[in-house]
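J.: give me coordinates for this.
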Amino acid sequence: MDQKRSLLSPTSISFRTKRWFSSSLVFIISLTCIMIFSFGNFRIQKSSDWLKALHLPRHLFQDHNHHHHLSSPPNMDPQGHTLLASSYVDFNKSSENQTETPKKAEKKSWLEEMRDCDIYDGRWVKDDAASPLYEPGSCPLIDESFDCYRNGRPEHQYLKLRWQPNHCNIPRLDGGKMLRFFKGKRIVYVGDSLNRNMFESLVCLLRSSVKDKSRVYEASGRIELKKEGTYSFLFPDYNVTVEYIRSAFLVQEWETAVNGNDSKKETLRLDIIDRSYDEYKDADVLVFNTGNWWTHETRTQGKGYYQEGNHVHEKLDVIEAFDKAMATWARWVEAHVDPTKTRVFFRAYSFSHFSKGEWNTGGRCDEKEAISNVEHLLSIDELDPPIPRMLEKSVESVKVPLHYLNVTRMSNYRRDAHPSLYRKPNMTEEEKLDFESHQDCSHWCLPGVPDTWNQLMFAQLLLAHKQQLLKQHLLEHQPPASLN
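T.: Predicted coordinates:
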């Protein structure tokens, strides 16, 4: 018994050895834990830097909705191309918080909202609180025949409608913000007089936010915008240029000799691009259109009018001629436009609303209300040729990135927004009678529908810009190549 006690005595060698061993073991285990924790913490810190990068700055997802929130209207047949945007993943939500208890849905960011939204699928809604994007009658740069307000149109309900996409909201345009966005940029519209309609809309919208209006001027000093040639409006305080180049067919209108003598005839060179194209291939934004002039008799009959090389076709179907012209345009865009610098838009066909005749046979557009019943919309199948389908087919074949501004359906509703007979201020009785029988049911009053076209274009530019910011942010915060 005494021997056993001695072995357990604190002063015995055996007891001291065991105590030392136990203390050493505890020390080694503690040291090991500290090393593992420190190394692991370094590894976690290293990987968390990348995870933090996924918590993207809020300014990338700033809500640009300036409209009233409306309940979702009934679905309609979609028109145009779907806009895609990157989604934002919130890594702050841990699995512990994912309970079955329903939570109040968080407000989506604008990018999230736009992810699967077709901005051309929507309706015109009456908004008495809405005001035009610039004051009616305030812009002297508007073509006289488009300025319905100055020309005495007595009612202005056509200014109280705004376009509301079914599944998202588009930002209301602000001229000052747009000028800052476009700083140092060149925006060029190329096409027929309906693109001039759109061009004048943007010029007036931007001008409305410039305090000193004398600081907005046409480069050559011209104020008459109907004549042939190029028009360039300068905003020198922002180094912004907005231009228009008339090119109704996008290919070259031509005069060719007839039977080798001195007489000439007008033809359309389907194989040569308009000679003005080299002037704007390096623009930051290009907006093309064609279509309405292809419905006129000379084009639809196609007799001795279409030319390729030295050959003038005795007769060529307008659809085949159109396809050839658009193929020539597409080849030029693919060969000369740098998609990393230039955003290319193609504006779709805009409906005319002639009733009781055509543009040259007394057609009229006296309606004061927009079409509200889908069944009353004009049918594309009634168009000869079916320009909207021809355009979509041609644009789909272009091999460079291109935004298709599919305004065909939305313009179809707006029979109320054409200049009609209000084409000149202070008309004499004789002029009133003349304009009564020669109404303009193709172009649009300004302010008016083309402002919305620019609004949709700017929404796409803003979306692309934010997507680019998001992409750059993610690239700058790539996960480490290896965590080993």
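J.: quick one: distance of the one helix or strand residue 244 maps to to the chain centre.
T.: Using DSSP states H and E, residue 244 sits within strand 240-246. Distance, stretch centre to chain centre, for strand 240-246: 17 Å (CA atoms, centre = their mean, to the nearest Å).
J.: given the next helix or strand after it, what are its sheet partners and their directions?
T.: Downstream of strand 240-246, the next assigned helix or strand under DSSP H and E is strand 251-257. Strand pairing for strand 251-257, using DSSP bridges, gives strand 264-273 (antiparallel).
J.: got the contact list for the closest residue to residue 448 other than its chain neighbours?
T.: Distance criterion CB to CB, 6 or more residues apart in numbering; nearest residue to residue 448, sequence neighbours excluded, is residue 417 at 5.0 Å. (Each C-beta comes from the backbone N, C-alpha and C, glycine too.) Listed by CB atoms under 8 Å, 6 or more residues apart in numbering, the contact set of residue 417 reads 158, 370, 444, 445, 448, 449.
J.: residue 417 falls within a strand, correct?
T.: No: counting by DSSP: H, G, I helix; E, B strand; the rest coil, residue 417 falls outside a strand, being coil.
J.: state the distance from it to residue 451.
T.: 10 Å (CB to CB, to the nearest Å).
J.: anything in contact with each of the two?
T.: In contact with both residue 417 and residue 451: no residue, using CB under 8 Å, 6+ apart.
J.: what's the neighbour count on residue 347?
T.: For residue 347, the count of nearby residues is 26 (other CB atoms under 10 Å).
J.: I misspoke; the intended subject was residue 393.
T.: 14.
J.: is it in a helix, a strand, or coil?
T.: Per three-state DSSP, residue 393 ends up helix.
J.: so what's it closest to, chain neighbours aside?
T.: residue 323 (7.8 Å).
J.: could you look up the SS state of the one you found?
T.: helix.
J.: and if you look at residue 475?
T.: Strictly by three-state DSSP, residue 475 counts as helix.
J.: for residue 404, same thing?
T.: Per three-state DSSP, residue 404 ends up strand.
J.: and the pLDDT for it?
T.: You'll see residue 404 listed with a pLDDT of 97.
J.: kindly report the same for residue 101.
T.: 45.
J.: mind listing the helices for this protein?
T.: Using DSSP state H, the helices of the chain run over residues 2-8, 13-54, 110-114, 175-181, 193-207, 297-301, 318-336, 387-396, 408-412, 429-437, 449-476.
J.: going by mean pLDDT, which of those comes out lowest?
T.: helix 2-8 (a mean of 39).
J.: quick check: residue 461 touching residue 343?
T.: Yes: the pair residue 461 and residue 343 qualifies as a contact (CB atoms under 8 Å) at a distance of 6.3 Å.
J.: identify the contacts common to the two.
T.: Going by CB under 8 Å, 6+ apart, residues that sit against residue 461 and also against residue 343 are residue 285.
J.: quick one on the thing from earlier: could you give the average pLDDT over the strand holding residue 244?
T.: Averaged over strand 240-246, pLDDT sits at 96.
J.: return that strand as CSV; C-alpha atoms alone will do.
T.: Extracted as CSV, the C-alpha positions of strand 240-246 are listed here (Å, rounded to 0.1, in the frame of the first residue of the first chain):
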residue,chain,number,x,y,z
VAL,A,240,-22.0,66.2,-78.1
THR,A,241,-23.0,66.1,-81.7
VAL,A,242,-26.4,64.9,-83.1
GLU,A,243,-26.6,64.4,-86.8
TYR,A,244,-29.0,63.4,-89.5
ILE,A,245,-28.1,62.1,-93.0
ARG,A,246,-30.9,61.6,-95.5
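J.: run the angle between that strand and helix 193-207 for me.
T.: Here strand 240-246 points in a direction 160 degrees away from that of helix 193-207 (axes from the mean of the first three to the mean of the last three CA atoms, to 10 degrees).
J.: sheet partners, orientation included, of strand 240-246?
T.: Each strand paired with strand 240-246, and its direction, by DSSP bridges: strand 186-191 (parallel), strand 230-235 (antiparallel).
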